[in-house]
Structures are given as C-alpha cells and as structure tokens.
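Novice: Based on what follows, work out the 3D shape:
(2 chains)
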2 protein chains.
Amino acid sequence: MNIREELDIRAKHVEEILGQFLPLGIGTQKTIFDAMNYSLLAGGKRIRPILMEESYKMFAQKNGVSTNAINAFMSAMEMIHTYSLVHDDLPAMDNDEYRRGKKTTHAVYGEAMGILAGDALLNYAFETAAEAFDDEEVNVSYLKAYQVLASKAGAHGMIGGQVVDIETENMPAEQVSLARLTYIHQLKTAALLEASLMIGAILGGATPEEVCIMECVGQRVGVAFQIQDDILDVTSTMEVLGKPIGSDEKNNKVTYVTLVGVEKAREEVARLSKEAVELLDELSVNSEFLREVVLYLIHREK
Amino acid sequence: MNIREELDIRAKHVEEILGQFLPLGIGTQKTIFDAMNYSLLAGGKRIRPILMEESYKMFAQKNGVSTNAINAFMSAMEMIHTYSLVHDDLPAMDNDEYRRGKKTTHAVYGEAMGILAGDALLNYAFETAAEAFDDEEVNVSYLKAYQVLASKAGAHGMIGGQVVDIETENMPAEQVSLARLTYIHQLKTAALLEASLMIGAILGGATPEEVCIMECVGQRVGVAFQIQDDILDVTSTMEVLGKPIGSDEKNNKVTYVTLVGVEKAREEVARLSKEAVELLDELSVNSEFLREVVLYLIHREK
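Specialist: Model prediction:
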C-alpha cells in the first residue's frame, strides 16, 4: 500500500461526502453560505474524517453494523476543524492572509464575515450531525457520538487548547514547561483526532473499552504529530515543507524542540507512535490501514 | 398580575437554573471559563428561557408530562443568545465597550479571548443540551428540540439575520425595502424566540400543529419587538430608555420607522401583537401569562 496515494484517494472520497452536506448557497444571506463553502472547499488533508471513517469501518465490519450517520458525523467533524482555522486566521488571532496558498476567509469576505462564517460553520456542524437523527431509528450510539463531538470541540477540548496556547505565547519563555506544551497539544490538536477515532468506533458498535483505546490512540497521535511539526520547523527545508522554516525560532516560540532539543523530541515521537501502534494491536480488528496512517503522520517529512 | 415584577422573579429563577449549568472555572484554561461565566452572568432579561419554560409548562400541564431536560435547554438557549452578544460587541462588528453598563467580554479579556469565549459558549450550549440525553430514557422529543435549537441559531436563522443586517448597513438607503427589514427581524431576533417557544412546546408534549402555532407566535413577537425598538428610538427619552435616543438617525440606519413613519410602524406592531394573541387563543391551554408577556414586550416603553 502506498499510503500517500491512498490518503489522497480517501481525501477525495471525504470531499464527495462533504459535498452532500454543504449548505445551499441561496437566499438573502447568500454571502454567509458562500463564505462557509469557500472555507470548507479550500482543501486540506481531511485527515479527521479519514480517521473517523476508518475507525468506523474497522468496528462496523467486525460487528456487522451499518449506518449512514457516519457520513453526517464525518462532515460535521470537518466543519468544526474548518471553523477553527477560519477563526485562528482572524486579525485578532494569528492574522494570516493566506492558508495553503489561498486567501483566508476574512481576507476574502472581511473580518465581520470571517467571524460569522466561523460561527455559522460551528453551528452547522451540530445541525449536520443532528440530521443523522432523521435517517433511522433513534440510536443511543448517535447520542454518545454527539456528546463526544461537542465535548472534544469545546472549552474542555480544542478551544481550551487554543486558549492555553495564546496565553503561553505571552508568558516568559522560562516559565513554559514541557507539561504545559503537552497539555496544549493534547487539547488543541489531539482532542479532535481522539473524537474522530472515538465517534467512528461508537457508530461501528465498539465496546466502551474499545472506544477508550481509540481515544488513547488519538491522544498519542495528536501529541506526536505536533512535536513532529516542531521538529520539521527546525530540520526541514522550505522546499520540502512548502512554507518558511525556522518560524518558531523567529517568533520566539517555545516548543518541544526548544525545550529538550531535536534528539529528545524525536525519541518522544518514537515513544508515542510505538504506544499508539501497540494500543491498536490490542484490538481484535484489522487496523492495518490505521497503523500505516499513524506512522505516516508521525514520520512525515512535511 | 404585575407583569414586570413577575418577569423579574422568573429571570432570577432562570439564573438559578443557569447556575447549575455554568462551566466550572478551573484548570489550565481557567481564563476561558472565567470569560464564559462573566458574559453569562452579566445580566439581561432572560426572556428566551422564560418564554421556553412557560411554553413547556403550558403543554406539560395539559399532557401530564415532566422532564428535567427543559432546564438544560433553557440554559443552552441563554448561552446561544449570550455568545451572539459577545461576538456582536467585537471591534470588527459593533465595536461596543459597554453593554448594560458593564464592560463587554472583549473589553475585559481582550479581542482574541472575546472570539474564543463566544465560540466556547456556542459550543457549550450544544454540550449542555446534549447532557439532557443522559438524564432519562432517550426521547424523540429531545432530538426534535435539539434540531430546532441548532437550525434556528444558525445561518438559516439568527446568524443569517446578522449577516443580512451587516450587508444592509452598507447598502444605499433607497435600496433597503420593508421586506428586507422584516426578513432581518425574522432571522436576527425572532428565530431564537420562535425556537424558545417551540422547544418548550416540544418538551411539553405538544402536537406538531401546536408547535407550529408557537413558532408563528414567536415570529410575530420577534418582529413586533424590533419595530417597537425602532419606535422607542424616536419617541422615547434618554431618561426612560436608559440609553441615548435617536441613535438610528445618527447612524443613518434605515428602520421600519424611517421607511413608513411612527404611525404606520405602531399600526404594524398592533397588528402583529393582535395576531400573536389570536394564535395563542387558538390553543386549548392556559396561555394567560404568555399573553401578558407578549403584550408587555411589544408595548413596553423601554
């Protein structure tokens, strides 16, 4: 299996599903739908829905389960990830005019519309996931999936990580601990990866123990992914990475690498990815693709 | 019944319920919980949860229904209303430093935290409403209530109204139609009032026809409430209103009053409130308090 090609194929598949759940861009408030769709269709790895669908497939196959709800939840997850980028890019936050070579939402539609498009995407994620309720009989697993989505996205999850990240940027460097950085990575990055793997498992009929293992896998992968980001910022070249390197140092940003050095950071990535794979091996399902994805995300060179 | 005193008593009751659902202000991301609670506890009429609870009581009494879920939904509704104010006040939007005599959230916590506190409140509203799923048996009416909450708050509801409002402010005055203003009022103001009355009715076991009537009541009340706002901006005094009058004229804002004059605007308020009361009279439940509230909101002098 060529994992990069496979991920590209699956990203296209995710975009087809997402296309079924895009808000219709009509009506007097057409601008907001345009702005929502602009950001949703601006590309990206679609890694969260890919992980969710794979986790779902693994367990659904084993349990003989099948539900269309997975499509609504995959789309809702990508909407939440997208809104977080739209708001992150705002002038009051990271103030980015470009993302992946395209103008950011507020750069195209203005700052007020950037705020509202983010709000609308977050809200629409919950509208979309709630659509799953219509499809079939009310199923307790939908409600559990819904609660996971909401709690991992919120102040105890992703938003909480964003808050601590901002506050850490304003702290004197010597006060920033490794534990604090790990906490940020766990919330800001890992929370949505955890939720993706958990929701897929829940909808696939996994047991609470299996859902718990998937949460742990997501946590390891999320933290390792961020540390790998920090490493690449130091060791990669602009040609490979496609964006300026050394930006953390330029911004005086405290990272895992500035705190313990590249070698120790690499050891931590290796330790976390080993744990993630061992956790997957504990499951009595075929997790081959997921293992490949974990290793790819962690050992990627860009 | 002294309706103003009764509304004050009920607002305090709402705040007690809300107190049970406030996010705990602990952890590394304490700031976000502080900012969320600051805005949630900054006062207000609490009119949406009051309407929701009354609508619930009316139908629950008739149908012999009882559920704790109403408390979660009342709190979730107030969280959504509050987040919309937090984001409305941001520098890129209305740029207000004060609301009800208190500093706005971004004025206290900074602009980035104002954006994130709004995001977190919107997200927490859906977390809170989803908590209702834990309480009792899964009940189809919760899911319906959830869908109403999500759709009325989003781009087809409140956010959509906010978008059209902003775009209308940038239009030449002669292009602004009465239909456009009504559309803004329906979405920006009426949508959450409709949702409040509908959710109360749904949780109280109302029939689809009864829920539909409550939606229509909310729509009439919401639009009339906004037109009354426009009228007071012209006819009231600063002493009575507690804020500067004539602000619409000063801001060159096109309103119902600037388009058709005070008299015709008053006629429209009277027509809408009569319709709302007639709709309530069609129901075979005791709607006395709700009728009083409708008349108070519409005929209020501040």
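Novice: All the strands of the stretch 101-250 of chain A, residue numbers only.
Specialist: A:102-103 (DSSP state E, counting those that start in this stretch).
Novice: Just give the number of residues close to the residue lying closest to A:Leu197 once chain neighbours are set aside.
Specialist: Distance criterion C-beta to C-beta, 6 or more residues apart in numbering or on different chains; nearest residue to A:Leu197, sequence neighbours excluded, is A:Met214 at 4.0 Å. Glycine gets a C-beta too; all of them are placed from N, C-alpha and C. Counted with other C-beta atoms under 10 Å in any protein chain shown, residues neighbouring A:Met214 total 31.
Novice: In contact with A:Met214, which residues?
Specialist: Under the criterion of C-beta atoms under 8 Å, 6 or more residues apart in numbering or on different chains, the contact list for A:Met214 reads A:Ser55, A:Glu194, A:Leu197, A:Met198, A:Gly200, A:Ala201, A:Ala206.
Novice: now, the most widely separated pair of these?
Specialist: Pairwise distances across those peak at 13.7 Å for A:Glu194 and A:Ala206 (criterion: C-beta to C-beta).
Novice: Look at these two and report which has more neighbours.
Specialist: Remark: of A:Glu194 and A:Ala206, A:Ala206 carries more neighbours, 27 against 24, as counted by other C-beta under 10 Å.
Novice: How about the more buried one, nearest residue that isn't a chain neighbour?
Specialist: For A:Ala206, ignoring the flanking residues on the chain, the nearest one in space by C-beta to C-beta, 6+ apart is A:Phe59 at 4.4 Å.
Novice: ditto for A:Leu259
Specialist: A:Leu178 (5.6 Å).
Novice: Spit out the contact partners of the one you found.
Specialist: Contacts of A:Leu178 (C-beta under 8 Å, 6+ apart): A:Tyr256, A:Leu259, A:Val260.
Novice: okay if I get the residues you listed as JSON lines plus secondary structure and distance to B:His87?
Specialist: What follows is those, written out as JSON lines (DSSP: H, G, I helix; E, B strand; the rest coil; distance: C-beta to C-beta, whole Å):
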{"residue": "A:Tyr256", "secondary structure": "helix", "distance to B:His87": "33"}
{"residue": "A:Leu259", "secondary structure": "helix", "distance to B:His87": "36"}
{"residue": "A:Val260", "secondary structure": "helix", "distance to B:His87": "39"}
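Novice: Buried among those? Make that a ChimeraX selection.
Specialist: Selecting just the buried residues from the contacts of A:Leu178 in ChimeraX takes one command, with 16 or more other C-beta atoms under 10 Å in any protein chain shown as the test:
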select /A:256,259
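Novice: returning to that earlier point: would you mind confirming that the residue nearest to A:Ala206 is in contact with A:Val211?
Specialist: No - contact status for A:Phe59 versus A:Val211: not in contact, 9.1 Å apart, counting by C-beta atoms under 8 Å.
Novice: what is in contact with those two at once?
Specialist: Taking C-beta under 8 Å, 6+ apart as the contact rule, the neighbours common to A:Phe59 and A:Val211 are A:Ala201.
Novice: Tell me how many other residues crowd A:Thr255.
Specialist: A:Thr255 sits with 20 neighbouring residues when counted by other C-beta under 10 Å.
Novice: contacting residues for the closest residue to it other than its chain neighbours?
Specialist: Setting aside the residues directly before and after it, A:Thr255 is nearest to A:Asp230 in space (C-beta to C-beta, 6+ apart), at 4.0 Å. Counting by C-beta under 8 Å, 6+ apart, A:Asp230 touches A:Asp248, A:Thr255, A:Tyr256, A:Val257, A:Thr258, A:Ala265.
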